[in-house]
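Colleague: My questions are about this predicted structure, shown below with the sequence.
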Amino acid sequence: MPVQRIGLVVHQGRATALDVRGAVQTWCAAHGIPCTEIDVWSEDHERRSGREEAHAAGDPDLVVTLGGDGTFLRGARIAVKTGASVLGVDLGKVGFLTEVPARDLTAALDAVHAGHALVEERMTLTMRASRPPQVPPDLEALGCFGRGPVLPPPPVRPQSTAGEGWGVALDVNALNDIVVEKFARDRQVSAGVYISGSLLAAYSADALVVATPTGSTAYCFAAGGPVLSPHMDAVVFTPIAPHMTFNRTVVAAPDEPVALRILPHSGRAAVTIDGELRGVLEPGDWIGVYRAPQRVRLIRLHATDFYGRLRDRFRLTDAPATATDGEFAPFFRPETPVPPDLAGLRLSPPAAAR
Ligand SMILES: NC(=O)c1ccc[n+]([C@@H]2O[C@H](COP(=O)([O-])OP(=O)(O)OC[C@H]3O[C@@H](n4cnc5c(N)ncnc54)[C@H](O)[C@@H]3O)[C@@H](O)[C@H]2O)c1
Ligand SMILES: Nc1ncnc2c1ncn2[C@@H]1O[C@H](COP(=O)(O)OP(=O)(O)OP(=O)(O)O)[C@@H](O)[C@H]1O
């Protein structure tokens, strides 16, 4: 379906993003498509939930982000609430989530408008909490770690059943991760970690990360966690610097919730959702994290080559001993038809088609 309305999320601190914004606005004007900028970082901008932000922008069906992965995450937070797709223009440092370089922007918008783009759906995480989350004003400055103004705490979903012991359901969709981390440099977070309702272990750590497969290449990856294909669903738990010998990641099934209960003698803990501070937990508080029904719709111009991107963006280097073996031949890419037993497999597209 042709694009009806664009919501634009721009990294205001990057000059190239401001230039490219002009190109998007010109394209929109030429096609008669309304385009609303959503400046989630401005000091003057009212702090709104993703849903309110989408409604205020006229419920765009396409969100275009101009920046890096952080800007993409800020756009995804808004798009997921109304089922809009997200197109990330790569103007950042890593660009794992973003899809197109700025030079291909117009061609990308043309392709989306003509219905030629692919949509890749990614799992998100949602959560319940023992009480509605809040960020006390005195902790805001400490907790937002030099980034933009804090977003409001996640709204409570109407189907909440707090009084019955299930906690309050929060209107959250994390594309990368939900992280519980220490506030004070010298006070670790101590928490009991439950998977599928069973206690796995009590941790004392710098942070505890619950991630999606998409988020496995972000914070979890930095902590030595495994890389998961973003085409699968799973709930990935990784402790950061736990003061114990068991420091492994646990990859739970998509229907196995991961819960964290702050222990009585723990320091206070920050809850960050996709890198943004959204709440503070006191001893005794808990959160339960599980797969959300909503998925983020990523625009792709070509079939995804996740492993090629992994090699490229993380600059994977080959073993020095293989250097004398020269070029690497393509695998499973002869000109002849695909044999029946391989027909259902997901194979990255040939380099020429990317
Ligand atoms: N030590 C760490 O690596 C660390 C620490 C805190 C948070 N994070 C991650 O940062 C994310 C927020 O990103 P941001 O850009 O707003 O903050 P940021 O700028 O601090 O991001 C950290 C880095 O992670 C990259 N990144 C983000 N999502 C990614 C993904 N899905 N796959 C691969 N790389 C990814 C970003 O490009 C950036 O280089 C959080 O969701 C969390 O996963 C990482
Ligand atoms: N909309 C904005 N307005 C002003 N400054 C911003 C904005 N977005 C980000 N910044 C600044 O840029 C820094 C990097 O932000 P962030 O990590 O979210 O960017 P990004 O989109 O992920 O790009 P990169 O890949 O370069 O990190 C922030 O610490 C902040 O100082």
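Modeller: Thanks, I have the structure now. Please read all numbers here as calculations on a predicted model, not as lab measurements. Numbering: from 1, shown residues only. Ligands and ions are numbered 1, 2, ... in the order given.
Colleague: Now the stretch 1-150 of the chain against ligand 1: closest residue?
Modeller: Nearest residue of the stretch 1-150 of the chain to ligand 1, counting by C-beta to the nearest ligand atom: Gly70, 2.8 Å away. For every residue, glycine as well, the C-beta is placed using N, CA and C.
Colleague: does that residue sit in a helix, a strand or a coil?
Modeller: With DSSP: H, G, I helix; E, B strand; the rest coil as the basis, the three-state label of Gly70 is helix.
Colleague: What sits closest to it if chain neighbours are left out?
Modeller: Nearest-residue entry for Gly70: Gly275, 6.3 Å, with adjacent residues in sequence omitted and distances by C-beta to C-beta, 6 or more residues apart in numbering.
Colleague: residue contacts, the residue of the stretch 1-150 of the chain closest to ligand 1?
Modeller: For Gly70, the contacting residues are His11, Gly92, Gly275, by C-beta atoms under 8 Å, 6 or more residues apart in numbering.
Colleague: Let's have these in CSV, adding neighbour count and distance to Cys35.
Modeller: What follows is the contacts of Gly70, written out as CSV (neighbours: other C-beta atoms under 10 Å; distance: C-beta to C-beta, whole Å):
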residue, neighbour count, distance to Cys35
His11, 23, 17
Gly92, 21, 21
Gly275, 17, 26
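Colleague: if we can go back for a sec, what pLDDT does the model give the residue nearest to Gly70?
Modeller: pLDDT for Gly275: 94.
Colleague: Use 55 as the first number from now on
Modeller: Taking 55 as the first residue, the last one we looked at is Gly329.
Colleague: thinking it is in contact with Phe126, fair?
Modeller: No - if you go by C-beta atoms under 8 Å, Gly329 and Phe126 don't touch, sitting 11.0 Å apart.
Colleague: Indicate the residue of the stretch 155-304 of the chain located nearest to ligand 2.
Modeller: Shortest the stretch 155-304 of the chain-to-ligand 2 distance, computed as C-beta to the nearest ligand atom: residue-wise this is Arg201, at 5.2 Å.
Colleague: And the helices in the chain?
Modeller: 69-85, 104-110, 123-136, 159-167, 191-197, 273-276, 360-367 (DSSP state H).
Colleague: if you compare the ones you listed, which one is most tucked away?
Modeller: Stretch with highest mean neighbour count among these: helix 123-136 (a mean of 26; mean count of other C-beta atoms under 10 Å).
Colleague: can you list the weak-confidence ranges in the chain?
Modeller: Applying pLDDT under 70 to the chain flags residues 198-200, 216-217, 403-408.
Colleague: now the strand ranked longest in the chain: how far from the chain's centre is it?
Modeller: If each strand of the chain is counted by residues according to DSSP state E, the longest one is strand 340-354. Its chain's average C-alpha position is 9 Å from that of strand 340-354, according to C-alpha atoms, centre = their mean, to the nearest Å.
Colleague: From the contact counts, what lies against that strand?
Modeller: Taking 3 or more C-beta pairs under 8 Å, 6 or more residues apart in numbering; DSSP states H and E as the contact definition, the neighbouring helices and strands of strand 340-354 are helix 123-136, strand 139-144, strand 172-183, strand 222-228, strand 231-236, strand 289-294, strand 312-316.
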